[in-house]
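**Student:** Everything below, folded, please.
(chains A and B, ligands or ions: 2)
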Amino acid sequence: MEGPPVIDVQGMTKRFGGRTVVNRIAMRVCEGQVYGFLGPNGSGKTTFIRMLCGLLRADGGSGTVLGRDVIRESAAIKRQVGYMTQRFSFYGDLTIEENLDFVARVYGVPQRVDAVRASLEHLGLHDRRSQLAGELSGGWKQRLALAACLLHKPRLLLLDEPTAGVDPKARRDFWDEIHELAAQGLTFLITTHYMDEAERCDRLAYISYGDLLVDGTVDEVIDTARLTTWSVEGGDALGLAPRLRRCAGVGQVVAFGKSLHVSGADAGALEGAIAPFRTPGYEWKRVRSGLEDVFIHLMESSTDNFSR
Amino acid sequence: MGGGIFSFRRLWAMIVKEFIQMARDRMTFAMILGIPVMQLLVFGFVINTDPRHMATAVLLADSGPHGRTLLEGLKNSTYFDFVKQVADEAEGRMLLTRGRVQFLVQIPENFSRDLLRGDRPAVLLEADASDPTATSGGISALGGILNTALLADFKGPLARLAQDPPPIEMRVHALYNPEAITQYNIVPGLMGVVLMMTLVLVTGLAITRETERGTMENLLSMPLRPIEVMVGKITPYIFVGYIQIGIILLAARFVFDVPVQGNLLLLLAASLFYIAANLAMGITFSTIAKNQLQAMQMSAFVFLPSILLSGYLFPFRGMPGWAQAVGEVLPITHFIRIARGVMLKGIGFGDLGFELWPIALFAVVVLFIGVARYRQTLD
Ligand SMILES: Nc1ncnc2c1ncn2[C@@H]1O[C@H](COP(=O)(O)OP(=O)(O)O)[C@@H](O)[C@H]1O
Ligand SMILES: [Mg+2]
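**Tutor:** Numbers count the residues shown, from 1 in each chain, chains lettered A, B, ... in the order given. Ligands and ions are numbered 1, 2, ... in the order given. This is a model prediction of the structure:
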């Protein structure tokens, strides 16, 4: 069951000096969803998000965010959106508490002092509230940023690579919290490079060099890629990679631990290509393509914006 | 939650944040205190109210005794230190031009003979008055020195020479800067210059700093209006301005003995306009500049005309018309007039208005440009 749309935009386009960085992207995110936004570096994810909250002027496109016109009503949108920037952009020379206090004042959070204290306690930073934000480690900075984004009780959170450079335990906690908040009706648009995170999203969109290549649930994304994947183990499986890569019909060869995933768009051609390698000592299995197989496939088959 | 064009709540959020950041920024704090103190120290030597021991060259063409008596008298006065005896006027002029000496004393040929004849020979004192405070003491003391010096020689039959009219003619040539500035003039001017330099520099960096530290993206994603950001950023520096005024006024009173004739409160009230104008100018540079370097360059661009065309260094009425026109636009010109007026002439509020509105107009126009140019997106 889907709630009402929170992000509903079409044709979003951004050009920097004649280069199209975001190319007619449509996106629909419904209330309470955790929507994953993936794509290689420089593909336009940050640019797209900035257009949603009025930080960049769109060169084309229309639609609504939280029911407000995405082009004309960015001031109203800003008040109800929490945007966590890719780079930590709170004040390193203010303490944790002062940063939260500033945000709470700007948004006019009711019962500001209590709200800030509650936020500090929730963060587990109440004892370190007088520490300068600039001295925090990466993981704590992300948590502070998230807490600051949540202070004014936004209805939509735009999180740009919130877990880049954060340790696995902290990443898991972060995502647990996101799902808790989503269950309360908050909507998330999150960019990430991590597959385990992508798999925890309700829906995904994959963008490459400004073009949206695929979107849908994890299963839909895998299915629409129509990718065939074989896994090989045993013997010197990893040593086969260079030779496999040279074969026609083999799209990509990726190592997963001790096994190798060999994928191709054409199931028949792939089977023909690997046939010579199916010798004793190697254990070949047809497996369901994973998200990572699909994304690497998408990444390699999409053309670079520079070269076209 | 109230959107609106302007919100005091959001402005207050900015002010609090900027206050904390300002207090924590040691560099800025050092600059705030350092610039006035340094300027006062540097100018303190010039402001030295009675400069003595100025390097002096002598051209003594007289072979009689009275020329030497005269030189002895000059030396004893301690205003003049004879560093060189020159052979001709050209050599003396060269020393003056190059700034090796402050004065050139010329005692003409046959000075003693003409003196005894009652021909009133001329003694010429040429002064490098490009720094008038350095020469004014010597020049004003000259008449007295010469007469007393010669008195010793005027005994017996020469006693008649001691009567009116003075037995010698004194000629003073003030070179390079005919209109002298008194030391009192400098302190009020210094106040204008110090305030301008610190306030424009400090706020000139205020917005570019957000951009360069990457905090601008966050700031822009919040529902803050340009006017709230700009006014919030400059407000804490009003206090900085008053701290500096305090330092300078205390130094003026207790170090340099500059009397304050008028109402000090009036001066402080008028200063608010001037502080605001400089802050508006700085923050506007900051919104236009792409980075801190550009902001600094823009600031440097106004410092020069402000120092040269405001009447701080050169007499305003002595400047060509176009320069006066430029000067009239600059807030510092009007502020220096106000500060000199209140401190030295004791003018009241009635005379102040003429100088206040150009400052206020400047502030409003400049802030308006800044708000219009404030980039609300990252494009
Ligand atoms: N302000 C800008 N001016 C010019 N080019 C930009 C600007 N911002 C981003 N780009 C370019 O747009 C492309 C997409 O960048 P970005 O949206 O940051 O990608 P992503 O977030 O997916 O890594 C990149 O090639 C980047 O260099
Ligand atoms: Mg990015």
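
**Student:** for ligand 1, what are the nearby residues on the stretch 1-150 of chain A?
**Tutor:** Contact residues, the stretch 1-150 of chain A versus ligand 1 (CB under 6 Å from any ligand atom): A:16, A:21, A:39, A:41-47. Where you see a C-beta, it was placed from the backbone N, CA and C, and this is true even at glycine.

**Student:** filter those residues down to the ones close to ligand 2.
**Tutor:** Subset of those in contact with ligand 2: A:T46, counting by CB under 5 Å from the ion.

**Student:** So which of the residues of the stretch 1-150 of chain A next to ligand 1 are in helices?
**Tutor:** In helices, judged by DSSP state H, the following of those are found: A:45-47.

**Student:** about what we covered before: closest to B:R209 out of the residues of the stretch 1-150 of chain A next to ligand 1?
**Tutor:** Nearest to B:R209 among those: A:T46, at 22.0 Å, using CB to CB.

**Student:** Which pLDDT value belongs to the spatially closest residue to A:V103 that is not a sequence neighbour?
**Tutor:** Nearest residue to A:V103, sequence neighbours excluded (CB to CB, 6 or more residues apart in numbering or on different chains): A:A148, at 4.8 Å. A:A148 is assigned 96 on the pLDDT scale.

**Student:** what's the answer for B:P178, then?
**Tutor:** If you check B:P178, the pLDDT there is 46.

**Student:** Show the backbone phi and psi for the residue of chain B found nearest ligand 1.
**Tutor:** Here the residue of chain B nearest ligand 1 is B:L378; by CB to the nearest ligand atom that distance is 6.0 Å. Per-residue torsions, B:L378: phi -90, psi 0 (degrees, to the nearest 10).

**Student:** Below-threshold pLDDT in chain A: ranges please.
**Tutor:** A:1, A:303-308 (pLDDT under 70).

**Student:** center of it, which residue is that?
**Tutor:** In chain A, the C-alpha nearest the mean C-alpha coordinate belongs to A:T191, at 2.0 Å (CA atoms, centre = their mean).

**Student:** Beta-bridge partners for that one, please?
**Tutor:** Residues in a beta bridge with A:T191, per DSSP bridges, are A:F37, A:D160.

**Student:** Contact partners for B:D379?
**Tutor:** A:56-57 (CB atoms under 8 Å, 6 or more residues apart in numbering or on different chains).

**Student:** Note down every partner strand of the helix or strand harbouring A:I7 and its orientation.
**Tutor:** Assignment of secondary structure by DSSP states H and E places A:I7 within strand A:5-16. The pairing partners recorded for strand A:5-16 under DSSP bridges are strand A:19-30 (antiparallel), strand A:60-65 (antiparallel).

**Student:** Mean neighbour count added to those strands, as CSV?
**Tutor:** Shown next, in CSV, are these (neighbours: other CB atoms under 10 Å in any protein chain shown):
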stretch, mean neighbour count
strand A:19-30, 19
strand A:60-65, 18
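
**Student:** closest to B:F316 out of those strands?
**Tutor:** For these, distance to B:F316 was read as CB to CB. The smallest value, 54.0 Å, belongs to strand A:19-30.

**Student:** burial count for the residue nearest to A:L186 when sequence neighbours are not counted?
**Tutor:** The shortest distance from A:L186 to any non-neighbouring residue, by CB to CB, 6+ apart, is to A:L157 (6.2 Å). Per other CB atoms under 10 Å in any protein chain shown, the neighbour tally for A:L157 reads 22.

**Student:** Wasn't A:E121 part of a helix?
**Tutor:** Yes: assessed by DSSP: H, G, I helix; E, B strand; the rest coil, A:E121 belongs to a helix.

**Student:** Could I get the contacting residues of it?
**Tutor:** Counting by CB under 8 Å, 6+ apart, A:E121 has no contacts.

**Student:** make it 10 Å
**Tutor:** A:127, A:129 (CB atoms under 10 Å, 6 or more residues apart in numbering or on different chains).

**Student:** With B:F285 instead?
**Tutor:** B:200-201, B:203-208, B:294-299, B:301-302, B:366, B:370.

**Student:** ok, of these, which come out buried?
**Tutor:** Those of those that meet the buried threshold are B:200-201, B:203-208, B:295-296, B:298-299, B:302, B:366, B:370, by 16 or more other CB atoms under 10 Å in any protein chain shown.

**Student:** what about the residue of chain A found nearest ligand 2, neighbour count?
**Tutor:** Using CB to the ion, A:T46 is the residue of chain A that sits closest to ligand 2, at 3.2 Å. Residues lying near A:T46 (other CB under 10 Å) number 22.

**Student:** Equivalent analysis for the one 5 residues further on, please.
**Tutor:** Number of residues near A:M51 (other CB under 10 Å) recorded here: 26.

**Student:** need the contact list for it.
**Tutor:** Going by CB under 10 Å, 6+ apart, A:M51 touches A:9, A:12-14, A:22, A:25, A:44, A:57-59, A:61, A:65, A:70-71, A:74, B:377.

**Student:** what about A:L150, how many neighbours?
**Tutor:** Neighbour count for A:L150, taken as other CB under 10 Å: 19.

**Student:** what does the one 10 residues further on give?
**Tutor:** The criterion is other CB under 10 Å. On that basis, A:D160 has 21 neighbouring residues.

**Student:** Hmm, it is touching A:F37, no?
**Tutor:** Yes: counting by CB atoms under 10 Å, A:F37 is a contact partner of A:D160 at 8.7 Å.

**Student:** Show me whatever sits in contact with both of those two.
**Tutor:** A:45-46, A:48-49, A:189-192.

**Student:** farthest pair in those residues?
**Tutor:** A:F48 and A:T192 (14.3 Å).

**Student:** thinking again about what came up before, quick check on the residues of the stretch 1-150 of chain A next to ligand 1: which are buried?
**Tutor:** For those, buried by 16+ other CB under 10 Å: A:21, A:39, A:43-47.

**Student:** now those residues in TSV, with distance to A:L181?
**Tutor:** Listed next are those as TSV, based on distance: CB to CB, whole Å:
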residue	distance to A:L181
A:V21	30
A:G39	24
A:S43	27
A:G44	26
A:K45	21
A:T46	22
A:T47	25
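
**Student:** any idea how far whatever residue of the stretch 1-150 of chain A ends up closest to chain B is from B:E328?
**Tutor:** Closest approach between the stretch 1-150 of chain A and chain B, counting by CB to the nearest CB: A:R105, at 3.4 Å. Computed as CB to CB, to the nearest Å, the A:R105 to B:E328 distance reads 41 Å.

**Student:** Compare these two (neighbour count), which wins?
**Tutor:** Using other CB under 10 Å, the more surrounded residue of A:R105 and B:E328 is A:R105, with 20 against 13.

**Student:** So which residues of the stretch 201-308 of chain A form helices?
**Tutor:** Applying DSSP state H, counting those that start in this stretch to the stretch 201-308 of chain A gives helices spanning A:218-225, A:241-245, A:267-274, A:291-301.

**Student:** Quick one: distance of the host helix or strand of B:S136 to the chain centre.
**Tutor:** Using DSSP H and E, B:S136 falls within helix B:132-151. Put simply, helix B:132-151 sits 26 Å off its chain's centre (CA atoms, centre = their mean, to the nearest Å).

**Student:** Spell out which parts of chain B neighbour chain A.
**Tutor:** Residues of chain B lying close to chain A by CB under 10 Å from any CB of the partner chain are B:1-4, B:7, B:9-18, B:20-25, B:210, B:213-225, B:228, B:376-379.

**Student:** Which among those residues count as buried?
**Tutor:** With burial judged by 16+ other CB under 10 Å, the buried subset of the residues of chain B next to chain A is B:7, B:10-11, B:13-18, B:20-22, B:210, B:215-225, B:228.

**Student:** Narrow the residues you listed to those in helices?
**Tutor:** Secondary structure assignment by DSSP H places B:10-11, B:13-18, B:20-22, B:210, B:216-221, B:228 of those in helices.

**Student:** got a list of what residue 34 touches?
**Tutor:** In the absence of a named chain, chain A is used. Here A:V34 is in contact with A:157, A:159, A:175, A:178-179, A:181-183, A:186-190, A:197, A:200-204 (CB under 10 Å, 6+ apart).

**Student:** wait, I meant chain B there
**Tutor:** Each residue near B:G34 by CB under 10 Å, 6+ apart is listed here: B:27, B:198.
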